[in-house]
Structure formats: C-alpha cells, structure tokens
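In: heads up, no residue letters with this:
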C-alpha cells in the first residue's frame, strides 16, 4: 500500500510556525522569561533546505512489494521437449535471512505436560505424596473382603469415610484443565500422514453345514424322454386350469407375473452361453458333410505323379464363398501366423467405375460353409495384413485412401482404429499394407503404399493413428519447368511393396509405370536403386524367404521376373500369355513359386526341376470369364488358396511333384534347412551369371 510522508511536512511546518511565533512575540521573549518558554525554541540545523509551499504540499508515495530486488529476472533454460531455449517467467522471490533447527517443546503439548509431570515427581513435593498415599489406602480398603469389614467393626468405617470426603473435596476444589485439541501443522504434510486413522483388520468367519450330496445315475432312453415331456404337459394344463378359475384381477396379476417370468427366462436363455458348443457342433457337421474332402486334404497323394515326368497337378479341396460377397472381387488374401487353418479375405472391386462397398471375412478350413468373422465397410478393401505377434489384429487399406485396424477379440462391427482426412489419409486407393516391428516405445507400426505416391508409416499411439511420410515417389527424368521457373515433378504411383527379411531398413516399391525402386526407411529424398522392370504396372513384389538377394515381380505385361537386387537385369523371365495378378514364394523351398493369371490359370514353377517353364499349368475357375486375382501358400500344409473376381476362394492341394524334396540315399542323411535352400538357389543363379556375359 502506498504510504505518504506526512511527518516530514508536519515537522517542517511546525518549525516555521514556531519561528513565526517567535518573531511576532519577539518583545515578550527576553531575559526575564521563564525556562519553559525558552525550552520550546526550535533549533534549525545549518543544512536544512528552504522549501516553498508547493514543495511542501507535494506528496511522495512508496509501494512495498514482496519481490526480491536481487533475484534475477532474465533466466533462460533449454526445453528438451520443444528443442529451444525458453525464458522462465517464474522466479523464486524468497530470501532466507536466518534459519535454525531447534528442539523447543510447547508447554501445552502432550510432551510438555509429560515432562512437567516428571519434573514434579522428581522434586518430591509433600502434597503429591500425601495424595498418593491416601488414594492407595482407600483402594486397599476397598479391595478387602466384606468379612474383614465385619470383624473390624465401626472403628475402621469412620476414618475411611473421612478420607473419602477429603479426597472428593480436593477433587472438587481443583479445576480440571480442558482438553486441548492438537492443531495440525499447515506447513508440515508429513504429520498428516501419521494422523490418518487406519481401521484394524478383522477376520470374519462363518461355519455352515456342508450341502447334502447324492449320487444319481440313469440311462436316457426314449421312454424317459417321453415321460419328461408328459410331466411338462401336465404342469402346463394345471396352470391353464388355475388361470380359468381366477378372478379378473388375479388374471391381470398372473399375466404380469408371467411376463416377468418370460423376461427372466429370455435373459437366462442367452445364446452366448452355447456359442462355443454350437461352433463345435457346426464344425463336426461340416466335417461329416465334407468328409471326402477332409480325407483328401489329410491323406491323398496323387500316385500318377511317378509317371508324369516332373509335372504336377493341383487337387481342388474346399470352395469358400459367402452370399453377401457374391459380386465383390477377392482383393487380398493372408494366412493367420498363429492358426494355420485360418485366413483372411478382403473383398472390393478393381473396376473403378463400379465401386460400392467392401467386406472382410475370416474363414477356417474346419468350417468351409460360413466365415468365422464378418466385417462390412462402406468402401472397398484393397489390401490387408495380419500381425505376427498379435494375430488378432488385422490392418486393411480401403479404396478411399483410409487405413484401419480390426481387433478380432472385440465383438465390434467397426474397426477399432481408423484414419481420417485430419490424420493424413491417402488421397488415392491403398494398394498394400504391411505390419512392421514395434517402434522404440513399443507402439504398433505398419506401412502403406498408395497411388498418390506416398509411402506412409502409421504408428498406433494410445488411441489414435499417427502418420509420417517415409518417401514420396517421383518419376525420374520427368521434371518440367512451370511458371516462374518452378520445377514440377511427376508423382509416381505406388502399387506394391515388400520389406527385406534381414535388412530392416530396405524395401522394394513397384509402380504403375513399371519401375521398381529399392528404398530405405532412412532416406526420403532419393532411391537406393531403380530397376526398369516391366512395361506396365507392377502388380506384386516379393522377397525370397530364404535368399537375401533374390526377389520376384509380376506385371500386367504377362511376365514374371526374378531378380538379384545387386544386378539391374533380371535373372529369369517367364511369359505367361496373360496378365499376371499375383505371385507367391513357397515356404518350403527357395526355388518354388506360384503365379495366377487373369485367364483363370494357376502356374507353379520349380527352378530346381525346370528353369524354363512351369511344371504345372492348371485352370482353377470353372468359367473362362472369371479372373484369378490372388494366391497364397499355407505356411505349414501343402495347399494354396486362390481368389477370383467373383468373390470365391478355392483351396487346392499340391501334388508330390510340386513339393519334391531331396531323395534319401542309402547310408546318407538328407541335409535340410535354410543353408541347403540358399545353396540350391545360388547354384542356379551362378549358372545364369556365367551364361549371360557370353551372350
């Protein structure tokens, strides 16, 4: 609060007034004046200022604040969160001039009273000793039995009563001090923790008689079932007769109670209780229905392969189809990494003029009639992938450019997580998605590629998808100058990609222009290498599961090519006389792969047997108009699944010639494993490398 310097002005004015009175009454003050008059004369210091009336009337204000004048006001510290230096607005203004830890105890506290009481006991005051002795005598007399009191007679009663009266008078005379409440220290929070009252733990136990037990055994035959139905009918007839005899009011009450009972029964008869049992029964029925197919899947081996001279066949097993996905093409296939009988199917449309809806279905070979899971979407699903460590998570890419994650554990019709225009979705269809290893914070991570030229990394942080652009595809040699000398790049349209099995940062991207780019997750401005692969759009790119240098690509220009990523020219080229929709490496051999074409055929190659042509060319779909879109090998069983543009998925078994293993020689153990597969493919590649320079 501002304070005015009034005393200074008053003292100055008082001095002037005294001086004027002295000048006016100069005749009165003289040698004969009294001493008290002389003592009132003011003494003016020699250095006193002569101030005018205006200066005397001027007010000086002072504002007292709690700020420390010595505290610095320009402290700057580095913020690791924002990566910049920031000014700190809050400065500690507290200045401690003196502090000392003492051991003083207040007199009113419990400890102070206790010490004061001990001090009084130590001094041994006579009054306290008398009181103590009198109280002990009274207590001893009270504890004596009544027989002793009768023998003592009236002589012992008189002094006891006198002593009791004295004690009561002293107790009444001495005022009792009021109980003081211990106040909590507002600045010491450690005391509050000790003051909290904890209820003691109590163990409650009860004993009861065990319920009675009886052993029951019976044979359920038709007569017992008949008797049970008869008893139930009799009970229903009795209830009907009772309702007829009831009054109208009783009938209303009975109807209300019956409604309650029916509602209770409907709640108790929940169908979810029998879901597991119904699923098992359904699978048993399907297994009996398709018993011949199940036997072929497990045991049948084509004996005619011994006479076919290195050619094989595909045996059709089950056909998976759903009425809701009849007019939707199979746009994606993926086996579950944990359950080898379960696979996911994505439905959409490759016709850009007929885009409607999409579906995600999960089938099991144990129940080919109906899908295990069904999800519908407003936009067509173009790709999908299942997580290796979390097999219940399925990521999908839509035709409208969005990506989403479905959680099979949660019974929801909508995806658990979905991108949006705000979170950076693609502007064109998403052609492929792939799960990747979790990031440094153990967050789920996957990649997506689209026709808009962006390869995006999506991270699941808490409950939302966070995107970051890894690379933007640009067509090399297509730079044009625009207005004001601006350079315009033609955006490359990504159609497929695949990540290396061993080198974590390396991946391949196929484009609509027919080129394949070898990219790195660390470099977003340039490519590691560029391959002039095909004349039309690249439909699929896949690394070999055994050999780290070999990858395969297929295109709509009717060709399948096998590459060594250190060489820009392909090692093998196969013309299949129709647009190739998809290719897949076999998990059991480094030299076996399958390709599907739009003319409805499936081609299986084994480079170790025949490196010039396929060892199996077999039509899979019945109608010639049907186009096969995708193919996938089962990771364990010798089967493949093939999807067409009518929404059907066909399961086929490979004949022995298509999965030939090295023959066992007498006295020698057959070597198996990745090293053998790598050596087998390396042998073929060395032959091709030796022949090419001569040509």
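Out: Sure thing, it's come through. Everything numeric here is computed off the predicted structure, so don't read it as measured data.

In: quick one, what contacts residue 576?
Out: Contact analysis of residue 576 by Cβ atoms under 8 Å, 6 or more residues apart in numbering lists 558-560, 595, 597, 601, 603. Glycine gets a C-beta too; all of them are placed from N, C-alpha and C.

In: Please repeat the previous calculation with a cut-off of 7 Å.
Out: Residue 576 makes contacts with 558, 560, 595, 597, 603, as judged by Cβ atoms under 7 Å, 6 or more residues apart in numbering.

In: any chance of those in JSON lines, plus distance to residue 74?
Out: JSON lines is the format used below for the contacts of residue 576 (distance: Cβ to Cβ, whole Å):
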{"residue": "558", "distance to residue 74": "74"}
{"residue": "560", "distance to residue 74": "70"}
{"residue": "595", "distance to residue 74": "71"}
{"residue": "597", "distance to residue 74": "75"}
{"residue": "603", "distance to residue 74": "76"}
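
In: Which members of those occur in strands, if any?
Out: Per DSSP state E, strands hold the following members of the contacts of residue 576: 560, 595, 597, 603.

In: got the residue ranges for the strands in the stretch 551-695 of the chain?
Out: 559-564, 572-575, 580-585, 592-597, 601-606, 616-619, 628-633, 639-644, 649-654 (DSSP state E, counting those that start in this stretch).

In: Correct me if wrong: residue 630 contacts residue 645.
Out: No: here residue 630 lies out of contact with residue 645, judged by Cβ atoms under 7 Å, at a distance of 10.1 Å.

In: Have a look at these two and say which one is more surrounded.
Out: Set side by side, residue 630 and residue 645 show more neighbours around residue 630, with 25 against 21, by other Cβ atoms under 10 Å.

In: beta partners of the more buried one?
Out: Bridge pairing for residue 630 (DSSP bridges) gives the partners residue 643.

In: Is it correct that residue 535 is in contact with residue 557?
Out: Yes: contact criterion Cβ under 7 Å: residue 535 and residue 557 qualify, at 4.5 Å.

In: Between those two, tell me which one has more neighbours.
Out: Neighbours were counted for residue 535 and for residue 557 using other Cβ under 10 Å; residue 557 has more, 17 against 12.

In: any idea of the pLDDT on that one?
Out: What the model reports for residue 557 is a pLDDT of 88.

In: show me the contacts for it.
Out: 534-536.

In: so where's the stretch 251-400 of the chain uncertain?
Out: By pLDDT under 70, the low-scoring segments of the stretch 251-400 of the chain are 251-271.

In: The chain now?
Out: For the chain (pLDDT under 70), the answer is 1-42, 124-196, 246-271, 476-490, 623-624, 661-671, 690-695.

In: how about the helices of the stretch 251-400 of the chain, start to end?
Out: In the stretch 251-400 of the chain, the segments counted as helices under DSSP state H, counting those that start in this stretch are 275-289, 291-299.

In: Could you dump those helices into TSV with distance to residue 352 and mean neighbour count added?
Out: Shown next, in TSV, are the helices of the stretch 251-400 of the chain (distance: least, Cβ to Cβ, whole Å; neighbours: other Cβ atoms under 10 Å):
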stretch	distance to residue 352	mean neighbour count
helix 275-289	37	12
helix 291-299	37	13
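
In: Quick one, which of the ones you listed gets closest to residue 342.
Out: helix 275-289 (12.6 Å; Cβ to Cβ).

In: any idea of the angle the closest one forms with helix 291-299?
Out: Per axes from the mean of the first three to the mean of the last three Cα atoms, to 10 degrees, the angle that helix 275-289 makes with helix 291-299 is 90 degrees.

In: neighbouring contacts of helix 275-289?
Out: With Cβ under 7 Å, 6+ apart as the test, helix 275-289 has contacts from 294, 366-369.

In: Which one of these is nearest to residue 505?
Out: Nearest to residue 505 among these, with distances taken as Cβ to Cβ, is residue 366, at 39.7 Å.

In: got a list of what the closest one touches?
Out: By Cβ under 7 Å, 6+ apart, the residues touching residue 366 are 283, 341.

In: Switch the ones in strands among the contacts of residue 576 over to a markdown table; also include distance to residue 314 and neighbour count.
Out: Supplementary listing: the ones in strands among the contacts of residue 576 in a markdown table, determined by distance: Cβ to Cβ, whole Å; neighbours: other Cβ atoms under 10 Å:
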| residue | distance to residue 314 | neighbour count |
| --- | --- | --- |
| 560 | 18 | 25 |
| 595 | 13 | 24 |
| 597 | 14 | 21 |
| 603 | 10 | 22 |
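
In: in stretch 309-318, what counts as buried?
Out: Of the residues in stretch 309-318, 311-315, 317-318 count as buried by neighbour count, 16 or more other Cβ atoms under 10 Å.

In: Next: stretch 558-566.
Out: 558-565.

In: Columns distance to residue 241 on top of those residues, output as TSV?
Out: Formatted as TSV, the buried residues of stretch 558-566 follow (distance: Cβ to Cβ, whole Å):
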residue	distance to residue 241
558	83
559	85
560	81
561	86
562	85
563	87
564	90
565	88
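
In: farthest pair in those residues?
Out: Across the buried residues of stretch 558-566, the longest distance by Cβ to Cβ is 23.1 Å; it joins 558 and 565.

In: Going by residue numbers, what spans are strands in the stretch 401-550 of the chain?
Out: 403-407, 417-418, 430-436, 444-450, 454-461, 464-472, 480-481, 487-488, 494-499, 506-511, 515-520, 529-532, 538-543, 550-555.

In: Can you name every helix or strand that the first one contacts?
Out: Helices and strands touching strand 403-407, by 3 or more Cβ pairs under 7 Å, 6 or more residues apart in numbering; DSSP states H and E, are strand 393-398, strand 417-418.

In: Right, I'll call it a day here.
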